[in-house]
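S.K.: sequence and predicted structure are below.
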Amino acid sequence: MPPRGKRSKVEQARHYLSGGGVLREDSDDELGVDDLPWEWIYNGKEITGARTGPFECQVGDAVLLKAPGSGEAWVAIIYEFSEGKVEDDDGDVTSEKKASMLWFSSEKEIRSKKKRIDFLPNELYLTASFDENPLSTINGKGSILSSEQFDQRYPTGKVPRTSEDYGKIFVCRRGANTRTATYTDEFVWEDIYRGREDLDNLVELVETQTVKTRKRKALKSIKEQDLEDFVIGNEDDEDPQTPRKRRKFASGTPTPSKARTLTPRKFATPTGRKIVTKKALEFTPLGTRLLPTTQTQSSPYQLARSTLHVSAVPHALPCRESEFDTVYTHLEAAITAGTGACIYISGTPGTGKTATVREVVASLQGAVAEEQLDDFYFVEINGMKVTDPHQSYSLLWEALKGDRVSSAHALELLEREFTTPSPRRVPCVVLMDELDQLVTRNQGVMYNFFNWPQLRHSRLIVLAVANTMDLPERTLSNKISSRLGLTRITFPGYTHTQLMTIIQSRLEGVGQVIVDPDAVQFASRKVAAVSGDARRALDICRRAVELAEQETLTAESQGKENQAPDTPSKTPGRQKQSGGLTLAPKQGIVTIATIKRAINEATSTPLAAYLRALPLASKLFLAALLARLRKTGIVESTLADVVDEARCLGLTSQSKHIDSYLLTPEPISHMENELSTTATTGTPQKRGRQAAVRKEQDKLARLLGLGVAAQELAEAGIVGVEARHGDRVGRVRLGVSEEDVRGALREDEECAGLGVGG
Ligand SMILES: Nc1ncnc2c1ncn2[C@@H]1O[C@H](COP(=O)(O)OP(=O)(O)OP(=O)(O)O)[C@@H](O)[C@H]1O
C-alpha cells in the first residue's frame, strides 16, 4: 500500500469526476484503509480540528465525504465539531465524534430543468444547507478555487488524471438554492472566503441572494393541496408542488444563528443509475379533498351529507388533541434530529388513528413549507391495498428513490441503504396502515419495518397502525418486540360525549339545524355503547340525513299536488307552507326516530338477515372467529384456534342458548365412540365426577362439530377456509366485512354475552 497522502498512478486513475459528485473507490481515500480513531484538536477549550492518524482537518476546511457502498462522495466545509452519544445495533452506547457541514452542490443536484447552461465540468455551487455527519464519513480534503485561479493552475480547464488534485479540486463562483434553482451573482471565491471567520457571511450571502421557497399553491391549507403533493414516484422536477423541504440542525447541536437548509436530495441510485420512473404506483392519498362547494351546497341536506361522509376531511379532529400532540412531537423530534423512530398506534376501528396521523403529517408538511422544519418524504403503505406484504419493500424504495424495482431487489437495496452512512439522507416517514394485514403469513415484513428505524443511518420513521395493542408481541415474540423499543400510543374508543362533539363539529358548517341535538346524542350513545367507532356514528347520522331528506321531498311533492305551480319549495325549519301543508315541528330534520330507522336499516341488509337466521353453531363459530380477530389483530386464524376460542366463549358465556347448544348430545357418531370410554359405574362421588367429565366431553364433541358449521359458512361465502394439502391446521378468515358480521350479530339474542359487539 502506498504511504498515506501519496497515491499510485493506478489508484489515481480510479478517480473520476461526476458533475461535482466525486465518485471514488473507498480504499483509495486519503485516510487509508485502516479505521484509526479520531481525536480532537483543541485551541484552549474549543475544538478546532480533528485528526485520525496523520490526517487532520480544521473548522473551515473543505472536505470530501463518502457514502460507502454507493462509492459517492460530496464536498462540504466543516462548520463546527461536536460529540454525541449513539447506540449501536447491539444496544451498546458509545460516543461519536461528528461535524456539521456546509454543503456544496453539484449541478446534478439542482432539482429543476432550469439548470444553468454555463456550468463547468468541475464546478460546485455553494449552498446554505447544513447537515451533521460522523467524522468517519470524511474521505479527504478538497480544494475550492475561483475559476480564475483554477484556469491559472490548469489552463486546459481539466485536471490531469495523474494529478494529486484529480477529483479533489473544484471551482466555485456562485451560490445556489438547489430546490428553487436560484443562484447568487457570480463571485470570486478567494475574495469571499478566506477561512472559518467568513463562514457565516457565506451562508448569509447565499440565503439573501437566492429564493428560499418555490411558490406553493396551498400554503394556507395543506388539505386543499393537490394530492400529487403526497404521491410518491412523481419525480417531475418542474412540479412546484412536490414537497422538497429543508432540514434544520440536529437537535442537541448548538444551532447557528442562520437558518440552515439541506440541499434536497436528487442522488442517483446506489448503482449510479439515472432514475426513470415508470407509471406511478397508486397510493392512498393523504386526505380526500372536499367536493367543490357548488356540488355540495345546493341544499343543506346535501351539505350535511357531505360533511358527515367518512371520506370528507374534517377541518379539525376534535377529541384527539392529545394523541395529535404526541404523534406530532415524536415525528417532529425524529425529523429534526435526523434519527429513526417507530411508533406503534393501536385502537379499535374508527377511533381516528389514520385521520390523526394524516393530520399530523399534513401539519408537518405545512411547517416544512414554511421553512420551519426539515425536509422529509412521506409514504403510505396500506395493508389492505397491497396484494402481497412484500410489496411494501418496493413501495418504500420507490418513495425514497423514485425507482420501481421488484420486492426482493428492493429489500436488498433497502438493507444496504439503511446500513450505510450517507451524508445527506432525507428522513422518510412511512405510515403502515392496516398493519394486521401485512403480517398474515409473514412476520419478516413487520420485523424489518420495525427494525430499520433502529439502524442509525436509516432516518426512517415508521408509524404502524393496527387494531390490536399487542400485535408485535404476538407475531414477533416478546423478546424481539421489547428490543425494538416501540413508542406506543393507544387510541381509546370514543365516549358518547366525544362522538357528539365529533358529529356536531362536522355539522357546524351546515348553517341550519338538520339534525336535532337529541338525535345526535341518541346516535352517539348507541354507538359508544358498543364500539366508540366514529365511522359508524357518522354513517348512521349521514343515512339519517338521507332519510330526513327523502321525507321532506315526499312531503314537498305531496304538498305540490295541492299547491299552485309557482309556490316556493320548502326547506327544513319551515313549519307552514302556503298551499295548506303543515309540517310537524321537527319534520324535515333528523330526530331520534330517524336515527332508529337508520340503525335498523344498517342491520337489515340481506346479509344481516342471513346471518341472523344462521344456526347457533354457525353463530358461535363466527363469534369465536371475531374474538380471535380482536385478540390477535390478524385476519386469518387456524380452525383449531377458532374452536379453542369457541370453547372459551362457551365456558364463559352466560347465554342459556349457548349452554343448551353445548350440552345437547353431539350428533356426530364417530365422536360418540371416541368419547364414550368413561365408565358410568362406581360410587355416587365418582359418578358425579364422571357426569361432569361427560358434560365436558359433550361440550367438546359439540365444539368439534363446529367444523361442519365452518364448512357451511364457507359454502355461503361468509368465511374462507383454506386447508392446504398435508396441512391439518386449516386456516379460516372472514369473507365478508367484519363490521357487517358484528352489526348483524351485535343485537342478536342468541349471541348475547359472546362479545361480538366490537
Ligand atoms: N376526532 C374525530 N373528528 C372528526 N372525525 C373523526 C374523528 N375521528 C375519526 N373521525 C372520522 O372517522 C372516520 C374513521 O377514522 P379513521 O379512519 O382515522 O379511523 P381508524 O382508527 O384509522 O380506523 P381503522 O382502524 O378502521 O382504519 C374517518 O372518516 C375520520 O375522519
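M.R.: Great, that's in hand.
S.K.: can you give me the end-to-end span of stretch 418-433?
M.R.: End-to-end distance for stretch 418-433: 22 Å, by CA to CA, to the nearest Å.
S.K.: which residue does the chain bring closest to the ligand?
M.R.: G352 (2.8 Å; CB to the nearest ligand atom). The C-beta positions use only the backbone N, C-alpha and C, and glycine is treated the same way.
S.K.: ok, now which ones touch that residue?
M.R.: G352 makes contacts with 317, 319-320, 323, 491, 494, 534, as judged by CB atoms under 8 Å, 6 or more residues apart in numbering.
S.K.: repeat that for L629.
M.R.: Here L629 is in contact with 635, 637, 734, 738 (CB under 8 Å, 6+ apart).
S.K.: show me these that map onto helices.
M.R.: Judged by DSSP state H, these include E738 as members of helices.
S.K.: among the contacts of L629, who's most crowded?
M.R.: S637 (24 neighbours; other CB atoms under 10 Å).
S.K.: what residues are bridge-paired with that one?
M.R.: For S637, the beta-bridge partners are V732 (DSSP bridges).
S.K.: my guess is it contacts R628. True?
M.R.: Yes: S637 is in contact with R628 according to CB atoms under 8 Å; the separation is 4.3 Å.
S.K.: okay, and the common contacts of these two?
M.R.: In contact with both S637 and R628: E645, using CB under 8 Å, 6+ apart.
S.K.: can you mark which positions in the one helix or strand V429 maps to are buried?
M.R.: Take DSSP states H and E as the rule and V429 turns out to sit in strand 428-433. Using 16 or more other CB atoms under 10 Å as the test for burial, strand 428-433 gives 428-433.
S.K.: for those residues, give me CSV that also has pLDDT and distance to F104.
M.R.: Listed next are these as CSV, based on pLDDT from 0 to 100; distance: CB to CB, whole Å:
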residue, pLDDT, distance to F104
C428, 94, 24
V429, 96, 28
V430, 96, 30
L431, 97, 34
M432, 94, 36
D433, 93, 39
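S.K.: who's in contact with the closest residue to Q454 other than its chain neighbours?
M.R.: Nearest non-adjacent residue to Q454, counting by CB to CB, 6 or more residues apart in numbering: G340, 6.2 Å away. By CB under 8 Å, 6+ apart, G340 lies in contact with 334, 452-456, 458-462.
S.K.: mind running it again at 6 Å?
M.R.: Going by CB atoms under 6 Å, 6 or more residues apart in numbering, G340 touches 453, 458, 460.
S.K.: same check on W189?
M.R.: Contacts for W189 (CB under 6 Å, 6+ apart) come out as 144, 146, 172.
S.K.: take those residues and keep only those in strands.
M.R.: 144, 172 (DSSP state E).
S.K.: turn the contacts of W189 into a markdown table, including distance to the ligand.
M.R.: Listed next are the contacts of W189 as a markdown table, based on distance: CB to the nearest ligand atom, whole Å:
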| residue | distance to the ligand |
| --- | --- |
| I144 | 51 |
| S146 | 57 |
| C172 | 49 |
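S.K.: are any of the contacts of W189 buried, and which?
M.R.: Here, 16+ other CB under 10 Å leaves 144, 146, 172 buried among the contacts of W189.
S.K.: so A99, which of the three states?
M.R.: strand (DSSP: H, G, I helix; E, B strand; the rest coil).
S.K.: in the protein, where's the longest helix?
M.R.: helix 534-562.
S.K.: tell me if that one is near the ligand.
M.R.: Yes: interface with the ligand: helix 534-562 contributes 534-535, 538 (CB under 6 Å from any ligand atom).
S.K.: returning to what we had before: of the contacts of L629, which ones also sit close to the ligand?
M.R.: Within the contacts of L629, nothing lies near the ligand by CB under 6 Å from any ligand atom.
S.K.: which pair in the contacts of L629 spans the largest distance?
M.R.: S637 and E738 (12.6 Å; CB to CB).
S.K.: ok, back up a step: helix or strand right after the longest helix of the chain?
M.R.: Assigned by DSSP H and E, the successor of helix 534-562 is helix 592-602.
S.K.: who does the following helix or strand past that next one touch, helix- and strand-wise?
M.R.: The C-terminal neighbour of helix 592-602 among helices and strands, as given by DSSP H and E, is helix 606-612. Helices and strands touching helix 606-612, by 3 or more CB pairs under 6 Å, 6 or more residues apart in numbering; DSSP states H and E, are helix 738-746.
S.K.: swap the cut-off to 10 Å and go again
M.R.: helix 616-632, helix 738-746 (3 or more CB pairs under 10 Å, 6 or more residues apart in numbering; DSSP states H and E).
S.K.: could you dump those helices into JSON lines with mean pLDDT added?
M.R.: Shown next, in JSON lines, are the helices and strands packed on helix 606-612 (pLDDT from 0 to 100):
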{"stretch": "helix 616-632", "mean pLDDT": "86"}
{"stretch": "helix 738-746", "mean pLDDT": "82"}
